[in-house]
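1. Here's a sequence, model it:
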Amino acid sequence: MSQNTTPPTTNGPAGTDPQAAARAATNEAAGTSVEASRSTGADILDWPQWIDGERVDSVSGQWRDVTNPALRDSVIARVPASTVDDVERVVGAARRAFGGWAAQHFTRRARPLALIADDIEAETEEFARLTALDTGNAIRTQARPEVASLVSLFRYFSGVAGESKGTTLPAGDDQLQYTRREPLGVVAAILPWNSPLMIAGFKIPAALAAGNTVILKAADDAPLTILKLAEVCNRHLPAGVLNALTGRGAVIGDALAKHPGVDKVSFTGSTEVGRGVAAQAGERLAHMSMELGGKNPSIVFPDAVDDQLVDQLLLASRFARQGQSCTAGSRLFIHREVYDEVLSELVPRLGAMKVGDPLEEASDMGAVINAKQHAGITGYLDEGRSMGGLETLLGGSAPTEGELTRGFYHVPTVFGGGRNDFRLAREEIFGPVLMAIPFDTREEVIEMANDTHFGLAAYVFSHDLDRALDTAHSLQAGWVQVNQGGGQVVGQTYGGYKQSGMGREVSLEGMLEGFTQTKQINVKLRPSSTRS
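-> Prediction:
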């Protein structure tokens, strides 16, 4: 086992490059080795993974490059290329730590969660800048709010840790019948790259509050914030309670899903990958939860048009996250009476969004995660422009000149005159692409909205309360917002219908259902007259 304990060093000043400045600001959380980036000459730090309370390299001794989406081929760090041997090591550590952690009084588990929240909050700017550098999400519109959500999630689950409790049943004087809520054991949390800190917040504090130990599998393309989070958590938790691995999903993700020492797999990612993870975990009947993809409807009725509507549609579009959100309202159904009016206001607002360096305060929208994702979005745009009857109202192609060509940038795109049976309206593009579709009746739009194998989120805009709620109740989605494009808060239950997943997170109910199991205990009592 190799442990990195030497303070990190640097080869030179960060200069005026904001990306280099961000690297310098996060040196303390990183590892030890430094070499020069092949593309920029800036410092590259090694970020070890976390196993059994220690920073460690991979058993293989191999490393993987981490690149910056805002600057093509710019290597910003290296992380261990974990192998199956690392999985064996980390599962062993988590299993050894489980008994002692689960046996703690709930207040002994709640206190570290509150302290972790305090530390994250104190280091908000460091987390936010690292998020922008690691994921391409804009620091002002996405990175800082994501860190704030993470803090709130740790505080919430610290507060409800004592609610993991059972019930006593009235079964007569000769019976004591009660239930216990017991932790599942070792939880493998497999994380996505689009909002890694927030999704980690959905899983880690709930699992820990319930008495489980956790193994984080950081996303291949955005591991740095998770390693930083693991460092903060390990300041306050016993060794082995919270671990973090880096490496390819096809290697260590598969190994975690299959490992008999992992009691639950909690996965967030695409439906396609989720099917494979579920099959692997299901083969051994492991507990699992899956938060998967979405192709979510936003429905605008005529009476919804007011001075707040466009602001809320902007939120629902998730363009500020480059459309890289499973809750993005990417199918925009607008009643024909107000179709032109709504688009005439929405399209210019989307077009005015500032796309640029994620670390710049002026940027509303950053870069998509990598070359593969960028090319995939481009393919959908090419198809949209070539389709007869589909009108390109905004964007429609990737930038071909200027500063944006230095990174994996796309600009907002809106296609008008769409139909629900178009491929662009059925597949999750995971980019800043909006398909506007006119409708005439409530029955018609509900049928179109539900005509998808996804069922994660939906948005309904109407000031007729009966119509708004009737529509919300008719939609096959696990999370429905009425007259707002945001609205997600800690304590609410979150998860999908159909192929958008199984299980729930973010709430007390999600903690109890997702990270505990119920044991029934029946005791026969002797009547007092028979006791000596």
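2. can you pull out the helices in the stretch 151-300 of the chain?
-> For the stretch 151-300 of the chain, the helices defined by DSSP state H, counting those that start in this stretch cover 196-209, 224-233, 254-258, 271-283.
3. Would you mind pulling the contact partners of the third one?
-> So that's helix 254-258. Contact partners of helix 254-258, identified using Cβ atoms under 8 Å, 6 or more residues apart in numbering, comprise 84, 87, 91, 188, 190, 215, 217, 262, 265, 276-277, 280-281, 283-284, 286. All C-beta atoms are positioned from the backbone trio N, CA, C, and that covers glycine.
4. Most neighbours out of those, which is it?
-> Within the contacts of helix 254-258, most neighbours by other Cβ atoms under 10 Å means residue 188, with 32 neighbours.
5. Is that one in contact with residue 266, as I believe?
-> Yes. Using Cβ atoms under 8 Å, residue 188 is in contact with residue 266, at 7.0 Å.
6. Show me where the stretch 201-350 of the chain has its strands.
-> 213-217, 242-245, 264-268, 287-291, 297-300, 331-335 (DSSP state E, counting those that start in this stretch).
7. name the helices or strands packed onto the last one?
-> Helices and strands touching strand 331-335, as assessed by 3 or more Cβ pairs under 8 Å, 6 or more residues apart in numbering; DSSP states H and E, comprise strand 297-300, strand 433-439, helix 442-450.
8. Let me know which of the helices of the stretch 151-300 of the chain is tucked in deepest.
-> helix 196-209 (a mean of 28; mean count of other Cβ atoms under 10 Å).
9. contacting residues for residue 168?
-> By Cβ under 8 Å, 6+ apart, the contact set of residue 168 is 176-178.
10. Check it and give its pLDDT.
-> On pLDDT, residue 168 comes in at 96.
11. Report the beta-bridge partners for it.
-> residue 178 (DSSP bridges).
12. And for residue 502?
-> residue 290.
13. Test my guess that it contacts residue 495.
-> Yes. Applying Cβ under 8 Å as the test, residue 502 and residue 495 come out as touching, 7.3 Å apart.
14. Is residue 485 in a helix, a strand, or coil?
-> In three-state terms, and counting by DSSP: H, G, I helix; E, B strand; the rest coil, residue 485 is coil.
15. now for the helix ranked longest in the chain, which elements pack on it?
-> Ranked by residue count under DSSP state H, the longest helix found in the chain is helix 84-102. Applying 3+ Cβ pairs under 8 Å, 6+ apart, one finds that helix 84-102 makes contact with strand 49-51, strand 175-183, strand 186-190, strand 213-217, strand 242-245, helix 254-258.
16. Buried residues in the second one, which are they?
-> Neighbour-count burial for strand 175-183 flags 181-183 (criterion: 16 or more other Cβ atoms under 10 Å).
17. same thing with stretch 385-400?
-> Neighbour-count burial for stretch 385-400, counted by 16+ other Cβ under 10 Å, picks out 387, 390, 392-396, 398.
18. List of residues touching it?
-> 343, 347, 350-351, 374, 377-378, 381-382, 384, 405, 409-419, 422, 424, 432, 436.
19. Buried ones only from these, please, as a ChimeraX command.
-> Burial among those is assessed by 16+ other Cβ under 10 Å; the matching ChimeraX selection reads:
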select :343,347,350,374,377,381,384,409,410,411,412,413,414,415,416,417,418,422,424,432,436
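20. Filter the contacts of stretch 385-400 down to just the ones in strands.
-> 413-416, 436 (DSSP state E).
21. which of the residues you listed lies closest to residue 309?
-> Using Cβ to Cβ, residue 436 comes nearest to residue 309 of the ones in strands among the contacts of stretch 385-400, at 13.9 Å.
22. On the strand side of things, show who that closest one bridges to.
-> residue 332.
23. What residues does it make contact with?
-> Contacts of residue 436 by Cβ under 8 Å, 6+ apart are 332, 334, 339, 343, 393, 414-418.
24. make it 7 Å
-> By Cβ atoms under 7 Å, 6 or more residues apart in numbering, the residues touching residue 436 are 332, 334, 343, 414-416, 418.
25. cool, residue 368 as well?
-> Residues in contact with residue 368 (Cβ under 7 Å, 6+ apart) are 69, 136, 322, 324, 374, 377, 408, 410, 431.
26. can I assume residue 240 is in contact with residue 92?
-> No. Applying Cβ atoms under 7 Å, one finds residue 240 not in contact with residue 92, separated by 8.7 Å.
27. more crowded one of those two?
-> residue 240 (26 against 15).
28. excluding its backbone neighbours, what's nearest that one?
-> Spatial nearest neighbour of residue 240, chain neighbours left out: residue 97 (3.1 Å); criterion: Cβ to Cβ, 6 or more residues apart in numbering.
29. Same check on residue 52?
-> Per Cβ to Cβ, 6+ apart, closest to residue 52 is residue 93, 3.7 Å.
30. Can you get me a residue count around the one you found?
-> Neighbour count for residue 93, taken as other Cβ under 10 Å: 22.
31. Could I get the pLDDT score of it?
-> Confidence score, pLDDT, at residue 93: 98.
32. go on, residue 75?
-> Value for residue 75, per-residue pLDDT: 94.
33. Going forward, the N-terminal residue is numbered 30.
-> Right, with 30 as the first residue, what we last looked at is residue 104.
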